[in-house]
Structures are given as structure tokens and as C-alpha cells.
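Student: here's my sequence, what's the structure:
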Amino acid sequence: MSALLGEAAEAPAKVANRSLAALRRDIECHPASHSFHRMRVLTRMDRLGDGFRALFADEVLLVDADADPALRRLLSFVQRCLPPGGTTKQAAVAAVTKVVSTALGSSGSSNDDVAAEDAAEERFAKRIRELRLPHHGELPVGLVFGCGLQRHKAVLLKYICDELRLCECALVGGGLLTGRGADHLKTVLPLVRFEDGAPLMLVDVVNRPGYMEQASDEIFGLVERAEHERPALASASSSPMSDSVSGPASPTTGASPSVGEWHAAPPVSAVVKRAADAIASAVQSLDLTAACGRHTTYVSHRPLERERRPILEAAFHEVRYSTLALAVTARDEQDGRLRELVVVVPDGAARSVNDLPMSLVFGTCQVTGNSLSPSECVEIDFKNTEVEGEGRAWKLARFARAAFEQASGDEPTTSGVRVRIWNAEEMRYEALEPPSGARWWATVVDSLDLAQPKLARKMGSRRRKSCC
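Tutor: Modelled structure (predicted):
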């Protein structure tokens with residue numbers, strides 16, 4: 001086992017950058033991936049085979065022994081260690097659970113579960129930083145050997161049980177259970193059944209690997225409901241998945257729907273629907289008029305698009321350190337125009353799905369001093385501007401459209417610069433004509449967020465040259 005972990009801990013392989021459309025196609029074409037994406041439940045009849053992909057917030061977990069040498073070696077190791085006969089299914093599953101827990105990284109002593117969990121999170125975060133995963137980049141489970149979390153161990157346990165036909169195994173997303181905090185949204189509960197008519201057993205893969213206890217009535221009900229809904233889901237898998245509950249398909253013309261919108265596909269499970277209703281209720285209870293300083297009414301909301309979130313995160317720490325970020329469309333009753341506001345649930349603030357402390361995010365225009373939503377800030381893309389290998393990338397500057405237009409001068413337009421702003425009325429980006437000259441550079445440098453100091457210095461150098 002130590003040799004196996006040593007090989008897995010080598011320098012991580014390069015993770016391919018895949019388009020969201022390709023990722024979506026792979027999930028839709030894989031029955032278990034599709035079921036888990038739509039329901040957050042895999043029944044004992046859903047075989048978790050190679051090619052399985054699971055979305056956990058911004059993480060795309062991939063289980064595929066054909067493309068994952070570390071996983072292939074682990075599966076072979078387990079197969080060799082299991083005796084061909086003379087042991088019960090329960091003993092075999094307990095042994096496999098201990099192997100999985102060891103391979104992915106033991107959480108330490110169960111006497112201090114919180115400290116052990118924090119240490120595991122730190123190890124995993126360090127590995128993710130080393131991998132430098134691109135957006136939509138898949139995370140092969142073999143790359144987290146030695147630093148895996150509870151969800152990775154649960155998924156891997158079902159994979160081995162299904163591949164080696166040890167017993168019937170199911171998975172239930174922890175976020176479906178009532179009374180669970182936001183931390184459980186990324187947990188997965190593994191359940192096993194050793195014979196027909198036997199109770200479902202919940203397997204501990206973290207604190208006491210291999211320990212089993214009978215599943216609660218709530219968990220049993222979720223699995224039973226998923227098994228009844230499974231035929232309907234199977235027939236739906238032959239058609240493309242919906243992009244959102246009621247909103248538009250995509251914010252940018254010709255672009256694929258974001259993961260945020262994709263997660264908002266019509267839920268099959270009634271439990272997931274109740275969670276969505278709880279979020280909607282929390283958003284609609286916000287006092288938008290007091291926050292905006294003008295009579296403002298709620299219109300609709302949706303998850304903040306994945307391709308937009310990194311841009312906002314770089315300029316607003318409230319978005320960066322949030323469990324949930326929503327784009328809320330509201331109407332200003334004084335002039336009748338639509339505005340897009342950003343609402344977040346801070347990390348660690350949610351105690352349960354029914355208790356979501358939400359707050360509105362606002363910034364200040366660096367030119368006029370007026371309050372503005374992140375969606376009302378101008379975004380800029382400089383040609384041939386590379387900061388630490390970022391290449392072309394949209395940067396958010398904290399100034400409003402009116403202030404941007406005032407920065408225009410009589411000099412020629414700056415070459416190679418693109419500017420855009422989000423149009424809340426049409427739900428898409430609108431291109432703007434870049435202003436020009438020294439006043440343009442002054443406005444840009446002064447308005448770039450402090451999270452981009454190297455870019456600001458580079459633009460400041462260009463500004464000085466243009467003024468000479």
C-alpha cells in the first residue's frame with residue numbers, strides 16, 4: 001500500500017482544459033453521472049463505472065481507471081488482497097473501506113474529528129493548488145490519493161463495490177438531508193445492502209473506516225424515492241438537459257450554458273425542489289429598497305454564471321468567500337429599468353438549507369463615488385497583456401458606465417482593448433467603444449481592483465509612456 005501511495009504522490013500529471021460543452025456531453029452520455037447530477041442520489045441499480053463524473057461546486061471529480069493509472073493500480077491491489085472465498089460480504093466491504101480510507105488519506109484520530117477534518121481539507125487544498133486546475137478541468141480521483149476528502153472516499157467505495165461485485169451500494173448527497181449545515185452539501189453518504197430484504201447500512205469512511213450502522217428512515221426514503229423515479233430519469237437522459245428552471249439559456253451569444261445554470265436544471269427529487277424553494281424564499285425576503293436606497297422590487301434570480309464568477313471574485317472578496325452566489329434581477333420603480341444585483345451566502349454562515357443568511361454585494365465607483373452592483377462595473381480586456389501566464393482575461397474595474405464614457409478624449413482609440421458591460425435588460429454582455437488617451441489610462445489604472453497589482457503597474461507604465 002505504501003508503494004501504491006508513493007506512486008500516486010508523484011508530480012501530478014497535466015490536467016487537460018476541456019470545454020464546458022464537452023463536459024456536459026460526457027455527463028449526459030454516462031447514465032450514473034447523469035443520475036447523480038440530476039438527483040444527487042445513486043441507487044444500488046446505478047452502476048458507477050469508468051467515465052463517471054460528479055460535480056461538487058467547482059470540482060469535477062472523474063473516476064476512470066482506463067485514464068487513471070493510480071486508480072487502476074488500487075483496483076488491482078484490492079482484487080488481489082480479497083480472498084476468493086471464505087469471508088462474508090460484510091467483512092469484505094469493511095476491509096475495502098479501510099483500504100480506500102488509507103489510500104485517500106486517513107483523517108487521523110477520531111478523538112478530535114474537527115481538527116482531523118481541517119487537516120484533511122488543508123491537504124486537499126494544497127494538492128488543488130499544485131494541480132492548478134483550469135475551469136471545467138476534471139480531477140481524476142487518483143490525483144487526490146493521500147489527500148482525499150469524505151466525498152472522494154464514498155464515491156471510490158461504490159466504484160470498487162460495483163466493479164468487483166462485492167454487494168449492492170448506493171450514494172446519497174449529504175445536502176439532501178434536513179437539519180444539515182452547508183458543510184454537508186459536498187458530502188456523500190455511502191450505503192450498502194448485503195442481501196434482498198436486508199436493511200440499508202450506512203458506512204463510515206472517515207472516522208471509523210468500515211464501521212456500519214442501519215440507515216435512518218430519511219435516508220432510506222431518499223433511496224427508495226430515487227429508485228421509483230429512476231425509470232423516468234432514464235427516459236429523460238435521451239434528450240438534452242434543460243439549462244435552467246425558468247431563466248434564459250446562456251448569457252453570452254453562442255456560448256454554452258454555465259455550470260451554475262446547469263445545476264439549476266429541473267430537479268427530479270422533491271427534496272432538491274424544497275431546497276430550491278427555500279433559497280427562493282430567502283432571496284425574496286431581502287429588503288432591496290433599503291439596500292439600494294431607491295424603491296426596488298424583486299423580479300427573478302438565478303445562480304451566478306460560472307464564467308462570470310471568477311471575474312467578480314477577483315474584485316469583490318464577498319463573492320470569492322461565499323458558499324452561494326446568485327444574480328438577482330430587480331426593477332427600479334422610479335425609472336422602470338432593470339438592475340442586476342449580486343447576493344451571496346458567506347462561507348460558513350449557513351446553518352442549514354432553511355437558514356441561509358444572505359447579503360447584497362455593492363462597490364463604490366472610483367470616479368463618481370456612487371454605489372454600484374458588481375454587475376454594473378465595466379470589464380476590460382487588454383490585448384497581449386499577460387500576468388503570470390494568465391493571457392487574455394477580462395478584468396473588472398470599479399467604475400460605472402457613465403464614468404467610463406466621461407473618460408473619453410480626442411485621441412485615437414487605444415489599440416487592442418476590448419470593453420464590455422453586463423446588460424440586465426437583455427441578459428447578455430454589451431460591447432462598449434474604448435475611450436482613448438491619457439485620461440483613459442488614468443481612469444483604468446485608478447479603477448482596477450487592488451487584487452490586480454501587477455496588471456495595474458503594467459498599465460501605469462503604458463500610461464506614463466502615453467503622457468510623454
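
Student: how near is the nearest residue to Val60 once chain neighbours are set aside to Gly336?
Tutor: Distance criterion Cβ to Cβ, 6 or more residues apart in numbering; nearest residue to Val60, sequence neighbours excluded, is Glu138 at 4.8 Å. For the C-beta atoms, the positions are set from N, CA and C on the backbone; glycine is no exception. Here the criterion is Cβ to Cβ, to the nearest Å. By it, Glu138 lies 45 Å from Gly336.

Student: of those two, who's got more company?
Tutor: Taking neighbours as other Cβ atoms under 10 Å, Glu138 and Gly336 compare with Glu138 leading, 20 against 7.

Student: pretty sure the more buried one is touching Val63, no?
Tutor: No - proximity of Glu138 to Val63 does not meet the contact threshold set by Cβ atoms under 8 Å, at 10.1 Å.

Student: shared neighbours of the two, anything?
Tutor: Counting by Cβ atoms under 8 Å, 6 or more residues apart in numbering, the residues touching both Glu138 and Val63 are Arg53.

Student: where along the stretch 301-450 of the chain do the helices fall?
Tutor: Ranges of helices in the stretch 301-450 of the chain, per DSSP state H, counting those that start in this stretch, are 309-315, 317-320, 401-406, 437-447.

Student: worst mean pLDDT among those?
Tutor: When the helices of the stretch 301-450 of the chain are compared by mean pLDDT, helix 437-447 comes last with a mean of 57.

Student: which one is Phe52 nearest to, not counting chain neighbours?
Tutor: Val63 (4.4 Å).

Student: look up how far Arg132 lies from that neighbour.
Tutor: Going from Val63 to Arg132 by Cβ to Cβ gives 21 Å.

Student: so what's the residue count around Glu433?
Tutor: Glu433 has 10 nearby residues by other Cβ under 10 Å.

Student: what comes up buried for the host helix or strand of Arg73?
Tutor: Arg73 is part of helix 69-81, with elements assigned from DSSP states H and E. Buried residues in helix 69-81, counting neighbours by 16 or more other Cβ atoms under 10 Å, are found at Ala70, Leu71, Arg73, Leu74, Leu75, Val78.

Student: reformat those residues as a markdown table; add distance to Asp217 and pLDDT.
Tutor: Putting those into a markdown table (distance: Cβ to Cβ, whole Å; pLDDT from 0 to 100) gives the following:
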| residue | distance to Asp217 | pLDDT |
| --- | --- | --- |
| Ala70 | 38 | 92 |
| Leu71 | 35 | 94 |
| Arg73 | 40 | 93 |
| Leu74 | 34 | 93 |
| Leu75 | 34 | 93 |
| Val78 | 32 | 91 |
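
Student: neighbours of Arg331, how many?
Tutor: 17.

Student: so what's it scoring on pLDDT?
Tutor: 92.

Student: tell me the contacts of it?
Tutor: Residues near Arg331 by Cβ under 8 Å, 6+ apart: Thr296, Thr297, Val299, Arg337, Leu338, Arg339.

Student: residues in contact with the fourth one?
Tutor: Meaning Arg337. Neighbours of Arg337 in contact, by Cβ under 8 Å, 6+ apart: Arg331, Ala424, Glu425.

Student: try it again with 10 Å
Tutor: Ala330, Arg331, Ala424, Glu425 (Cβ atoms under 10 Å, 6 or more residues apart in numbering).

Student: didn't the first one look like it was pressed against Ser373?
Tutor: In other words, Ala330. Yes - between Ala330 and Ser373 there is a contact under Cβ atoms under 10 Å: 9.4 Å.

Student: and Ala119, that one's in a helix?
Tutor: Yes - per DSSP: H, G, I helix; E, B strand; the rest coil, Ala119 lies within a helix segment.

Student: what is the burial count for Asp217?
Tutor: A count of neighbours around Asp217, defined by other Cβ under 10 Å, yields 8.

Student: what values do phi and psi take at it?
Tutor: phi -60, psi -40 (degrees, to the nearest 10).

Student: check the gap between it and Glu224 for me.
Tutor: Taking Cβ to Cβ, one finds Asp217 at 10 Å from Glu224.

Student: do I have it right that the residue nearest to Val60 meets Ser33?
Tutor: No - between Glu138 and Ser33 there is no contact under Cβ under 10 Å: 11.5 Å.

Student: thinking again about what came up before, residue contacts, the residue nearest to Phe52?
Tutor: Taking Cβ under 10 Å, 6+ apart as the contact definition, Val63 lies against 32-33, 48-54, 71, 140-142, 152, 155-156, 158-159, 163.
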